[in-house]
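> give the three-dimensional model of this entry:
(2 chains)
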Number of protein chains: 2
Amino acid sequence: MRILITGAAGFLGSHLSDKLLADGHEVIGMDNFVTGNPDNIAHLAGNDKFIFFKRDVSNYIFVPGKVDAIMHFASPASPNPQSKSGYFNLPIQTMKAGALGTHNCLGIARAHNAKFLLASTSEIYGDPLVHPQTEDYAGNVDPVGTRAVYDEAKRFAESLTMAYHRFHNVNTSIVRIFNTYGPRMDLEDGRALPNLLKQALLGQPLTVYGDGGQTRSFCYVDDLVNGIIKLLYSKEHLPVNIGNPVEMTILQFAEAINRITGNKAGITYVDARSSRDPQRRQPNIERAKQILNWEPAVDLEEGIRRTIPFFKSKLGLA
Amino acid sequence: MRILITGAAGFLGSHLSDKLLADGHEVIGMDNFVTGNPDNIAHLAGNDKFIFFKRDVSNYIFVPGKVDAIMHFASPASPNPQSKSGYFNLPIQTMKAGALGTHNCLGIARAHNAKFLLASTSEIYGDPLVHPQTEDYAGNVDPVGTRAVYDEAKRFAESLTMAYHRFHNVNTSIVRIFNTYGPRMDLEDGRALPNLLKQALLGQPLTVYGDGGQTRSFCYVDDLVNGIIKLLYSKEHLPVNIGNPVEMTILQFAEAINRITGNKAGITYVDARSSRDPQRRQPNIERAKQILNWEPAVDLEEGIRRTIPFFKSKLGLA
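Sure thing, here's the model as predicted:
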């Protein structure tokens, strides 16, 4: 297939590009580098199955030649208020990527009679009151809260995708991506894993907010990519959660990181950062198991070991 | 003030135009007539304070001269699956009016340093699990449900409005409009009031779905318009519910309609139409009372009496 990937220079987009190229497909990468990083696709420069365009998917986009599939992964995604490329600092770009970007991609999918796959997110569940989250849970998102620029953009993108499927008969799929980690992730992304792993590799005590009782589930990027590609080939139109259902508290996670990295500096407890941070987030993946015959294969220890070399290189420790 | 109203030929937009003109303002009306009706503004043709442009707010829009305020009321809003101008039959136009239309209006508001008022809706609460609905309730909307094309478009519009307020310092307000009725409403809109009033005036038995125990709250259009104009003048940026909190069951409502119209044909019970129809919807209007010193003044009997001549005229009974 000839596949257009928006956000191809991002963490997930670049891994997807690698896997699809390895599987023999052609990839048209697109990114405006607002959050994506040219380093993530530098190794593809000599690959004649990969072409790249620097372009903003929220503006008019033109695709040279026929495409068979479009995967819309372009969006700021970091919840870190300090990150210049996080959605708190790019609120309108984030909303445009979700609405105008999705609209542009769906228009191309319709014109090319191509498959469309939307990268959605567990953030559409907001601060969930149902646990673990099943795909039929309507979520708990305040549309005028500060996080809404990301959450509502993705909810809108899902609705628009379903509208194109139902009304224009476009072959669409929607993946709801839960916390993912691995090489090429943004060390300043603001989420628990990069923060803690960075501290551990620098020999610092790990910062745990509140009592560390809030939970997270972390999926290794290769597992996620395998699930997404299975969804790409499927005929499933309703959303499918892809993530690792193994839930642990942030405290358990910090202890595991210290053990795996051999960090002896322990843990520091500080006040909870924000009451708007979700307290729990864990995917129910029964639909992915049944429809895609998919489940994650890489456990946390193995995933962290595969991620450490990238972090060391970024931290100048390699 | 010089005020741009999108959807000016719609039910609410035309009443807003009338009231603002009566208050001495200039109005620039805009409508693409997809759901608006030229009849609603025909009486303004000779008014030199009113100019009109036939235009789709989801496309690029140009405003001649300076504007002081923009009120974005353009959107399909009828939940009637049989209505050609309802959002089930215009799903993508509905999403574009909410996303691209709001984006265009906010761009103009920012460029003109103008006030922006968004017409949002009680539909952002979906099928509410909290009753009555306060503005801090996050709602219960399935982003991939068939009603989502309207609900998520308005949720997105609210988020984008707040993003422009917070990030670009645009002076914005958001009104969440509950069920409203009055002259110029669409008789085929599919909601309970026009359906029942039409049947009563035609001397037919009123159709009540299920046991008629589902509730609604109905606000007369003049009350709504007064609340919206107070909000326009205010400095309130967070959403404000405007509606009539007097809740009644559909059965009580049908009985009242038969009484007011003198219809002797009684009531017919039929199976519930759809389990996705909200079972209850009632505004908590404490914020409107406190912030705007507003509450509805027209009771149901008086509102129905003022509405009947319009219905009779449309039904050829005048």
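
> if I look at residue A:45, how far off is residue A:193?
To residue A:193, residue A:45 is 29 Å away according to Cβ to Cβ, to the nearest Å. In short, each C-beta sits where N, CA and C put it, glycine included.

> name the residues of the stretch 151-300 of chain A found near chain B, please.
Within the stretch 151-300 of chain A, the positions lying close to chain B (Cβ under 8 Å from any Cβ of the partner chain) are A:151-153, A:155-156, A:158-160, A:162-164, A:166-168, A:174, A:238-239.

> and if we set it to 10 Å?
Residues of the stretch 151-300 of chain A lying near chain B by Cβ under 10 Å from any Cβ of the partner chain: A:151-168, A:174, A:237-239.

> could you list which of those belong to strands?
When these are checked against strands using DSSP state E, the ones located there are residue A:174.

> which of the residues of the stretch 151-300 of chain A next to chain B count as buried?
Among these, those scoring as buried are A:151-166, A:174, A:237, A:239 (criterion: 16 or more other Cβ atoms under 10 Å in any protein chain shown).

> all helices of chain A, in order?
All helices of chain A, identified by DSSP state H, fall at A:11-22, A:91-96, A:102-112, A:148-168, A:192-201, A:221-233, A:250-261, A:286-292, A:300-314.

> show me what contacts the closest residue to residue A:102 other than its chain neighbours?
Closest residue to residue A:102 apart from its sequence neighbours, by Cβ to Cβ, 6 or more residues apart in numbering or on different chains: residue A:157 at 4.2 Å. Shown in contact with residue A:157 (Cβ atoms under 10 Å, 6 or more residues apart in numbering or on different chains): A:72, A:75, A:97-99, A:101-103, A:105-106, A:118-121, A:124, A:174, B:95, B:99, B:143, B:152, B:156.

> any stretches of the stretch 201-318 of chain A with poor pLDDT?
A:273-278 (pLDDT under 70).

> try 50 this time
Along the stretch 201-318 of chain A, segments meeting pLDDT under 50 span A:275.

> highest average neighbour count across the helices of chain A?
Stretch with highest mean neighbour count among the helices of chain A: helix A:148-168 (a mean of 26; mean count of other Cβ atoms under 10 Å in any protein chain shown).

> how about the CA coordinates for that helix, as PDB?
Extracted in PDB, the C-alpha atoms of helix A:148-168 (Å, rounded to 0.1, in the frame of the first residue of the first chain):
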ATOM      1  CA  ALA A 148     -10.200  20.400  26.700                       C
ATOM      2  CA  VAL A 149      -8.100  21.800  23.800                       C
ATOM      3  CA  TYR A 150      -6.700  18.300  23.300                       C
ATOM      4  CA  ASP A 151      -9.600  16.200  24.600                       C
ATOM      5  CA  GLU A 152     -12.300  17.900  22.700                       C
ATOM      6  CA  ALA A 153     -10.200  18.100  19.600                       C
ATOM      7  CA  LYS A 154      -9.900  14.400  19.600                       C
ATOM      8  CA  ARG A 155     -13.600  13.800  20.500                       C
ATOM      9  CA  PHE A 156     -14.500  16.000  17.600                       C
ATOM     10  CA  ALA A 157     -12.100  14.200  15.300                       C
ATOM     11  CA  GLU A 158     -13.800  10.900  16.300                       C
ATOM     12  CA  SER A 159     -17.300  12.300  15.600                       C
ATOM     13  CA  LEU A 160     -16.200  13.700  12.200                       C
ATOM     14  CA  THR A 161     -14.600  10.400  11.300                       C
ATOM     15  CA  MET A 162     -17.800   8.500  12.100                       C
ATOM     16  CA  ALA A 163     -19.800  11.000  10.100                       C
ATOM     17  CA  TYR A 164     -17.600  10.400   7.000                       C
ATOM     18  CA  HIS A 165     -18.000   6.700   7.500                       C
ATOM     19  CA  ARG A 166     -21.700   6.800   7.900                       C
ATOM     20  CA  PHE A 167     -22.600   9.500   5.400                       C
ATOM     21  CA  HIS A 168     -19.900   9.200   2.800                       C
END
